[in-house]
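Engineer: I'd like to go over a predicted model; first the sequence, then the structure.
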Amino acid sequence: MFAIIQAAGWPIYTIIFASVVAVAIIIERLVSLRRSQVLPEGLLALTVQELKKSGVTPDMLSRLQANSPLGRVLAAGLKNVKSTREIMKESIEESGRAVAHDLERLLTTLGTIATAAPLLGLLGTVIGMIEIFGSQSPTGGANPAALAHGISVALYNTAFGIMVAVPALVFYRHFRGTVDSLIVEMEQQAVKLVEVVHGERG
């Protein structure tokens, strides 16, 4: 593997750095965007049950905020439980925007890597081509070692750039879809809480 990296020349190090960052982001997002982490099963039902039993308490709000992103949204609504339906919905929407921003964290970076990796590979290709032309002697002959190195730089960088870009793009699209579906379900559960509080749902 080290021999391949050496043959690919210095441009490959930018692609390797991009791949390390992409892998770190993918692992972090796989852990953070688990459904059980974002939308714990039964949290809304337990919240409604506690609300009907003892009302809104500071302890209940602090537990909800520390529980999960869904808990933060529900806690924002319950802080305004005595206000009108509109005010309660506004506070939920404000909290929801902040939660959505957190869920989308690092996705822009992953998308940038998916876009930039092929361009970094193209940069390596151009540098390899420059080396190939530079290997030509004034008499028209070519230095075989320099020619081979230039070809290696061009081909390896193109291949590595694509190898980094494809998984990064796949995971970027996957995470975008996951975040969108989680946000929709979070909104639905928040609406149910508003309806319960204002007597429109039992």
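Structural biologist: Good, I have the coordinates. Numbering: from 1, shown residues only.

Engineer: so E50 sits against M60, correct?
Structural biologist: Yes. Between E50 and M60 there is a contact under Cβ atoms under 8 Å: 5.9 Å. In this view, the C-beta of every residue, glycine as well, is placed from N, C-alpha and C.

Engineer: all helices of the protein, in order?
Structural biologist: In the chain, helices defined by DSSP state H lie at 2-8, 11-32, 35-38, 43-54, 58-67, 69-78, 85-103, 107-134, 144-197, listed in chain order.

Engineer: so who does the spatially most central residue of the chain touch?
Structural biologist: What sits nearest the mean C-alpha location of the chain, by Cα atoms, centre = their mean, is L107, with 3.0 Å. Applying Cβ atoms under 8 Å, 6 or more residues apart in numbering, one finds that L107 lies in contact with 29, 172, 175-176, 179.

Engineer: TSV please, covering the residues you listed and showing pLDDT, distance to L43 and neighbour count.
Structural biologist: Shown next, in TSV, are the contacts of L107 (pLDDT from 0 to 100; distance: Cβ to Cβ, whole Å; neighbours: other Cβ atoms under 10 Å):
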residue	pLDDT	distance to L43	neighbour count
R29	96	22	22
Y172	97	28	23
F175	97	22	22
R176	96	24	14
V179	96	19	19
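
Engineer: can I get the residues you listed in TSV including distance to I113?
Structural biologist: TSV is the format used below for the contacts of L107 (distance: Cβ to Cβ, whole Å):
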residue	distance to I113
R29	13
Y172	8
F175	13
R176	14
V179	17
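
Engineer: around L147, how many other residues sit close by?
Structural biologist: 16 (other Cβ atoms under 10 Å).

Engineer: that one contacts I132, correct?
Structural biologist: Yes. Contact status for L147 versus I132: in contact at 6.0 Å, counting by Cβ under 8 Å.

Engineer: ok, and the closest non-adjacent residue to N157?
Structural biologist: The shortest distance from N157 to any non-neighbouring residue, by Cβ to Cβ, 6 or more residues apart in numbering, is to G124 (2.3 Å).

Engineer: er, L169 actually
Structural biologist: Closest residue to L169 apart from its sequence neighbours, by Cβ to Cβ, 6+ apart: A114 at 3.9 Å.
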